[in-house]
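**Q** Pasting the sequence and the predicted model now:
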Amino acid sequence: MTFLSFLISGLSLGSVYAIIALGYTMVYGIAKMLNFAHGDVIMVGAYISFFASTRWNLPPVVGVLLAVVVCTILGVVIERLAYKPLRAATSLAVLITAIGVSYFLQNAALLLWSSNPKVFTSVVGNASLKLFDGRLTISVIAIVTVVACLIIMAALTWFTGKTKMGKAMRACSEDKGAAQLMGINVNFTISVTFAIGSALAAIAGVLLCSAYPTLMPTTGSMPGIKAFTAAVLGGIGSIPGAMIGGILLGIIEIFGKGYISTQLSDAIVFSVLILTLLVKPTGLLGKQINEKV
Amino acid sequence: MIMKKTTRNNLYTYALVIVSFIIVQLLISGGNITSSLKGQLVPICAYVILAISLNLTVGILGELSLGHAGFMSIGAFAGVVAAISLEQIIPITLLRLIVALIIGAFFAGVAGFLIGIPVLRLKGDYLAIVTLAFGEIIKNIINILYVGKDKEGLHFSFLTDSNALNLGEGGRVIIDGPLGITGIPKLATFTMGVVLILITLFIVLNLIDSRSGRAIMALRDNRIAAESVGIHITKYKLMAFVTSAALAGAAGTLFAMNYSTIIASKFGFNTSILILVFVVLGGLGNIRGSIIAATLLTILPEMLRQFNSYRMLLYAIVLILIMLATNSDEFKNHLRGLKERLLPRKGKRGAEDGQS
Amino acid sequence: MLKVNDINVFYGAIHAIKGISLEVNEGEIVTLIGANGAGKSTVLKTISGLLRTKTGGISFLGEDITSTAPHKIVERGLAHVPEGRRIFLQMTVQENLDMGAYTCPSGGIEAEMDKVYALFPRLLERRKQIAGTLSGGEQQMLAIGRALMSKPKLLMLDEPSMGLAPILVEQIFTIIQEMNKAGTTVLLVEQNAQMALSIADRAYVLETGSISISGTGQELSESDEIRKAYLGG
Amino acid sequence: MDKANSTETKMISVPSTNPVSEGDVDMLPVLEARNLGINFGGLMAVNGFNMTINRTEIAGLIGPNGAGKTTVFNLLTKVYQPTHGNILLDGHDTQNMTTVQINKAGIARTFQNIRLFSNLTVEDNVKLGMHNHINYGMWNGILRLPAYWKGEKQAHEKAMELLSIFDMQSLAGKRAGSLPYGAQRRLEIVRALATKPMLLLLDEPAAGMNPSETAELMDNIVKIRDTFQIAIMLIEHDMNLVMGICEKISVLNFGKIIAKGTPSEIRNNPQVIEAYLGKKREG
Amino acid sequence: GGTDKAPAGQPDAGGKEPAASAFKIGGTGPLTGGAAIYGNAAKQGAEIAVEEINALGGIQFELKYEDDEHDAEKAVNAYNKLKDWGIQMSLGSVTSTPGVATSAETFSDRIFALTPSASAPAVIEGKDNVYQMCFSDPNQGSASAQYIVDKKLGTKIAIIYKNDDVYSKGIYNTFVSKAKELNLAVVSTTTFTEDSQTDFSVQLADAKKNGADLIFLPMYYTPASLVLQQAKSMDYSPKYFGVDGMDGILTLENFDASLAEGVMLLTPFSADATDERTVNFVKKYQELYKETPNQFAADGYDVVYAYKKAIETAGITPDMSAADICEKLVQVFPTISVDGLTGEKMTWAATGEVSKTPKGMVIEKGTYVGMD
Ligand SMILES: Nc1ncnc2c1ncn2[C@@H]1O[C@H](COP(=O)(O)OP(=O)(O)OP(=O)(O)O)[C@@H](O)[C@H]1O
Ligand SMILES: Nc1ncnc2c1ncn2[C@@H]1O[C@H](COP(=O)(O)OP(=O)(O)OP(=O)(O)O)[C@@H](O)[C@H]1O
Ligand SMILES: [Mg+2]
Ligand SMILES: [Mg+2]
């Protein structure tokens, strides 16, 4: 029974990572940049949803929608102002700018919303399912998160694989110049990518804080890094990979804590990551692209 | 023979460091330096060395590392443990500091070697994430490491607490898990820091401009071609990585010896990123740039203190603007346009002021 | 159809194109020849909008496109097979061709693709292969095929014969001529000046960023100066 | 320098058809490929490939696009490990050798898509070719011991000498990536030569060159063979070049050799005309 | 940032005001970053005290807080900045790791320091001029164990502590050794870190599995609120015993107070206390900062009043140098007794350690109730 309950905790934590990782991998796979500010967009999304329900008394659904809208706009604006001017620069330059944006968002949140943590009200309430005479509890939010994660993954897979915009995104990710020569509006495509990534960040923020309800200006940064790790574990740019990576990461974290040592849990998670990459150097589902000589 | 362009360039770099040192010394002896700046001299030296050493990995070898602070951390802890345990054996502080620096560099170098062997087979972002992972693992391990000394020598223990060290009479706990090390003798000096920068420069610049350095840069530019001319990939990757780690270790010792306390959490992802910011801002492969960027960006947050709570927000904005200004043609054009538009307007505004 | 009027192009401080004017009329094959580094590719990139002119203007089908975004220019019927192929290395052959038809309504894509496969049967064989693992020549075929997918009015080719087997070079030139007969105007950049001149209606010779000579294909291939400098004779 | 250059040019003005000079050359072939093959997920890109190359021979490898020519080079240099067959280099089997070891053992190559160290100078590119012939280690370099100065001086002189083959001394300080295309191709050849190979593999050395540049290149290839007394194998689609300087030619189609022989034999081989040359006359 | 407003009527242009009439006091604390709550609270508490005292018209203070981002290096920078400004008495650092670093500096610079809340023993160890306003960690740990045994609150104890945190680990250490001494059974010990402080399911499962009836939570209230919430969703309802860092849990915006029902803690301060001083302070704090003060704010407030008392006792004037002030304070501090928000008749040992009686509190219906 402990095993099962650990597994469920792992799944729940993992699917939060997975949802963040999906947004991460989207931007990462297409704009070819490590958007270290992604975690902070999550934080903004969570704050918006928080204020919607506690201050403005809006129903949860409206709150989530509002968060999605605000984050989408935020993502696009950030892209336009901070990343677009760097299209021609090295990817490291963009990475550092993203870190600047991350600092900016955190400190702006600190000034606007104070450092005092807020307790998030779960958008689906705190209900839980009890199985085996109550020896096993599964919270509704865990189920919602896993389901949301699956839906988002399926939708993204369909979107990038089957739609015209999805194809344009793949083309941009490989060669922006050549994509332009195909008649693709590269700037618009990348904006759309950021819009989607940020909308997902808003949803991730709401779900993250519904499951783990403390909200502070730094709430997004650690899950952001974990999700980045998850995205790489699953294989950069691979949508199912991000999902599997996220869930595995959550499960490993919980099992590592539960069966080995809580003191070593971070080391365990990262060791598994390293071992996995040594065996599969491009992540679990990453494509092994051999350079033709 | 006419001096090579690189040689001349390198001389400028040494001169920059030496002249800055002399100026600062003059300021100090004239009493014209604020405590704030004076307090930052040693950390600036440490960050300069860290930036130079990371530039060796990122700029010269061309591999993104997100765990450089891990090596700094190993150097800091190993060096301080050495300095504390050698207190009686080597009473001369300068000598003890030097020994500590060497030990810090050695342990970090060994860690670089052990990590480098598996890691350097990976490519690009995968390698980056693994360096990040190692940085976090190092942090985690030091957090559960207990080291103490007594008459019988050093004692080690993992996971439990300092009691498990079973120290004898008069024993002293040196590393106390997450509590880190407290009561560190403040041996680091600005002069020593500058000397260490010069040594670092000597090693790195000479390495780059030699047969081995060429091979390292060849790997960066084109791995397949490098193999085709008979360059042993792993050997040179390791050479760069280990050198970089060892120098970071020495910098870590220097850094730690400037504060009375260090804890492992200090050397996490954020510090690694900070060092990376120095490197990218100074320019990949540009050693002098690293020195300047590390110095300016270490001082910048202190300069912004007058803005109180807006300080870190401004820091973020300045960082973004610098990145845009140095890397974006589009942004440069905007700036130029803005200047052209502002200049005449400035004149107009002056006129308005005159009227009112 | 295409009018390039006194353009100047810079790479940072390097003045790569120094006041070039040229014209391509509907139905023509025009070729641009010149030594390595003369600026041929730069001219094409400027026309398709990948690079911007500092001064001067470009018009296509009577409309000014000097500062039109590249994807808009493609929509107007101009296709560019860039130097170095620039195919999407991680996509399959078929996906690459699909991308070529990005601006087209999805209806006619199949038919167009069949035409390309008919031109290059090797691509049909390798339809599912990842483009990055194709041989050099196969990649070149794919690059040309991809440009044809958009049914361009004006096709600009940058060294299409590079790396191709002799038999294929001939084929490519035949294809160019056939397409031209079917109504596509062609602007061709070639190292293989002899063959280029033999199919061209008109030609321009580029020398370090400016046009030194222009004339009909025949005139130029008979000129001694040209023979010496570019035809290896 | 100038003087040496002019004498050398004289020496190669008439391409010799029988370069094998007396005594000192061992009659063992430099390279022997036996039944070489590789399989890419079901596709036999090269299949049953046999070939010998003698010392100081210039051999050509031609064939339609995608025939497997570059793949043969990749097999010989162990970029890919062959799934079938053996390669004997100087009589020794090269099984289990890596690309680096192959280069040390005496094969150097250029690439179809230019692969220079584009951010380094031209001189450094050549010095990297000499990497294994410059004998000082890391500490000698860092501490600037005498071995460093001596090694670098020799390397510099040797690099200049090699660059002079293509008259490129004046470009020594330039960034390799900034060179015009043709010069980049030539630099790749110089870099390969600097590794002191017994066998030099050139993959489409004339691609992207105009006819007059190609003519110059032909002279230089022959000159290289004569000065360094090495064997050269080249892939090329420019028939003027192949027919002009190759002493023997192999034709590959669908991974298999379909013809071998002298230029004139190949030129008139109907199978080769059908698969590769086309009807057009060759100059 | 209210620092510039706080010292009412003080012209803050330049340090060379005629015959310095105000004492320059200042400290460092995390005003940005993940620990910003603590720094800002201490700062704001101190600001209120300064305002009150300045309004009386007697002793005048000029207060300055610098951001240390909860980092030793930044704290030393911040401290040096205060030195340049002309600090005469220091409020040390708000958190422990920076506190250890800055106290070493104040010690060698001979500037007196009284830290509101840096509770690690290393902060004051071997430094005659560094004092603490809060309990030191060992005291809290052993006092908690003692209290649990004395009041028979639990027999099987589980502990969850923060493995990479000086405060948490410090309390844990002494709690465990005291528990051993008192034969209090610790049946489950688990940890978490800064990087993994979202999910406590494993830690709670371990406690539950080992039948713990009381969980000791030596941690700050933010992670603690998650522990409570997750335990509830697991249907696990042991008793909880917290430390002073737990105070503040009820001030969390939107916190479901029912989760904290029955949580016990040893804390010197509670915002719900009904004494006049507390009521007055809480009211002012809420007006100014729109938040309910936590214990850090109270400590900050008390530090300023302790300084006032010491200044009055020792007869210190603002024109004295920091070093002179320091020598006087070193003499006078062990002798004074201060009434504050966090304790009546607080006194100090010459080691710098405070002596005040912690109050055992239990949370009932969303308010603190004394436990005795
Ligand atoms: N990205 C660039 N940055 C700087 N200079 C460049 C760049 N691209 C080209 N150049 C320079 O511009 C000039 C023209 O180059 P371009 O590529 O147009 O020549 P080309 O005629 O197409 O030559 P080739 O036959 O080699 O393709 C050359 O001198 C080249 O070095
Ligand atoms: N890594 C690989 N994976 C799959 N197929 C490959 C790979 N490398 C080469 N091929 C296939 O093997 C065949 C031979 O390729 P190769 O590059 O050797 O051709 P080539 O003779 O050099 O042609 P070209 O003259 O066009 O350069 C091609 O059909 C190519 O698609
Ligand atoms: Mg070109
Ligand atoms: Mg090939």
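**A** Okay, I see it. Ligands and ions are numbered 1, 2, ... in the order given.

**Q** Please name the residues that touch the nearest residue to D:Glu123 once chain neighbours are set aside.
**A** Excluding its sequence neighbours, the residue lying closest to D:Glu123 (CB to CB, 6 or more residues apart in numbering or on different chains) is D:Ala172, at 4.2 Å. For glycine as for every other residue, the C-beta is placed from the backbone atoms N, C-alpha and C. Contacts for D:Ala172 were tallied using CB atoms under 8 Å, 6 or more residues apart in numbering or on different chains; they are D:Thr121, D:Val122, D:Glu123, D:Ala159, D:Met160, D:Leu163.

**Q** what about the helices in chain D?
**A** In chain D, the segments counted as helices under DSSP state H are D:2-12, D:69-76, D:99-105, D:122-129, D:138-142, D:146-163, D:181-194, D:211-228, D:239-245, D:263-267, D:270-272.

**Q** my bad, the stretch 1-150 of chain B
**A** B:5-29, B:35-55, B:68-85, B:93-119, B:124-143 (DSSP state H, counting those that start in this stretch).

**Q** Same check on chain E?
**A** Using DSSP H, the helices of chain E run over residues E:36-56, E:72-85, E:96-109, E:121-124, E:137-150, E:166-181, E:201-209, E:221-233, E:276-289, E:295-314, E:322-332.

**Q** do whichever strand or helix holds A:Leu248 and chain E meet?
**A** Using DSSP states H and E, the element containing A:Leu248 is helix A:239-255. Yes. Using CB under 8 Å from any CB of the partner chain, we find that helix A:239-255 touches chain E at A:Glu253, A:Ile254.

**Q** next one: that helix to chain centre, how far?
**A** How far helix A:239-255 lies from its chain's middle: 12 Å, per CA atoms, centre = their mean, to the nearest Å.

**Q** repeat for stretch E:42-58
**A** 18 Å.

**Q** Need the contact partners of that stretch.
**A** Under CB under 8 Å, 6+ apart, the answer for stretch E:42-58 is E:2-3, E:6-10, E:22, E:25, E:27, E:29, E:31, E:59-63, E:65, E:91, E:94, E:116-117, E:281, E:284-285, E:288-289, E:293, E:296-305, E:308.

**Q** Pull out the buried residues from the helix or strand that C:Thr174 is a member of.
**A** Using DSSP H and E, C:Thr174 maps to helix C:166-181. Judged by neighbour count (16 or more other CB atoms under 10 Å in any protein chain shown), helix C:166-181 contains these buried residues: C:Pro166, C:Ile167, C:Leu168, C:Val169, C:Glu170, C:Gln171, C:Ile172, C:Phe173, C:Ile175, C:Ile176, C:Met179, C:Asn180.

**Q** would you list the helices of chain D in TSV and tack on distance to C:Ala193, mean pLDDT and mean neighbour count?
**A** Output for these, formatted as TSV (distance: least, CB to CB, whole Å; pLDDT from 0 to 100; neighbours: other CB atoms under 10 Å in any protein chain shown):
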stretch	distance to C:Ala193	mean pLDDT	mean neighbour count
helix D:2-12	26	38	11
helix D:69-76	26	95	26
helix D:99-105	37	95	20
helix D:122-129	28	96	27
helix D:138-142	48	92	19
helix D:146-163	29	94	17
helix D:181-194	15	93	23
helix D:211-228	7	91	19
helix D:239-245	14	93	20
helix D:263-267	23	93	17
helix D:270-272	26	91	14
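
**Q** closest to B:Val229 out of the ones you listed?
**A** Smallest distance to B:Val229 across the helices of chain D (CB to CB): 5.1 Å, for helix D:122-129.

**Q** Next, E:Gly126: phi, psi?
**A** phi 70, psi 10 (degrees, to the nearest 10).

**Q** For it, the count of nearby residues, please.
**A** 12 (other CB atoms under 10 Å in any protein chain shown).

**Q** how close does the closest residue in space to E:Gly99 that isn't next to it in sequence get to E:Ala35?
**A** Spatially, and ignoring its direct neighbours in sequence, E:Gly99 is nearest to E:Ala118 (2.8 Å; CB to CB, 6+ apart). According to CB to CB, to the nearest Å, E:Ala118 stands 12 Å off from E:Ala35.

**Q** List the contacts of residue 196.
**A** All of this is about chain A. By CB under 8 Å, 6+ apart, A:Ile196 lies in contact with A:Gly23, A:Met26, A:Leu156, A:Phe159.

**Q** right idea, wrong chain: chain E
**A** Contacts of E:Ser196 (CB under 8 Å, 6+ apart): A:Glu253, A:Lys257, A:Ser265, A:Asp266.

**Q** circling back to that earlier point, per-residue confidence at the residue nearest to D:Glu123?
**A** The model reports D:Ala172 with a pLDDT of 93.

**Q** What values do phi and psi take at residue 55?
**A** In the absence of a named chain, this looks at chain A. Phi and psi for A:Arg55, reported as degrees, to the nearest 10, are phi -100, psi -40.

**Q** oops, chain C please
**A** Torsion angles, degrees, to the nearest 10, at C:Thr55: phi -130, psi 170.

**Q** Ok, E:Gly86 next?
**A** Per-residue torsions, E:Gly86: phi 110, psi 30 (degrees, to the nearest 10).

**Q** Can you report how many residues neighbour it?
**A** As a burial measure, E:Gly86 scores 15 neighbours (other CB under 10 Å).

**Q** Can you tell me how far the spatially most central residue of chain C is from ligand 3?
**A** Central residue of chain C (CA atoms, centre = their mean): C:Leu157, 1.4 Å from the mean position. To ligand 3, C:Leu157 is 11 Å away according to CB to the ion, to the nearest Å.

**Q** Please identify which residue in chain C comes closest to ligand 3.
**A** Nearest residue of chain C to ligand 3, counting by CB to the ion: C:Ser41, 3.1 Å away.

**Q** per-residue confidence for the nearest residue to that residue once chain neighbours are set aside?
**A** Computed as CB to CB, 6+ apart, the closest residue to C:Ser41 that is not its neighbour in sequence is C:Glu83, at 4.6 Å. If you check C:Glu83, the pLDDT there is 86.

**Q** before we move on, what about D:Val20?
**A** 43.

**Q** now swap in the one 5 residues further on and tell me
**A** With respect to pLDDT, D:Val25 scores 48.

**Q** burial measure for C:Ala118, as a count.
**A** Every residue meeting other CB under 10 Å relative to C:Ala118 is counted, giving 10.

**Q** To clarify, my last question referred to B:Lys332.
**A** B:Lys332 has 14 nearby residues by other CB under 10 Å.

**Q** Point me to the helix or strand that includes it.
**A** helix B:329-355.

**Q** Let's test this: mean pLDDT of that helix, rounded?
**A** Mean predicted confidence for helix B:329-355 is 61.
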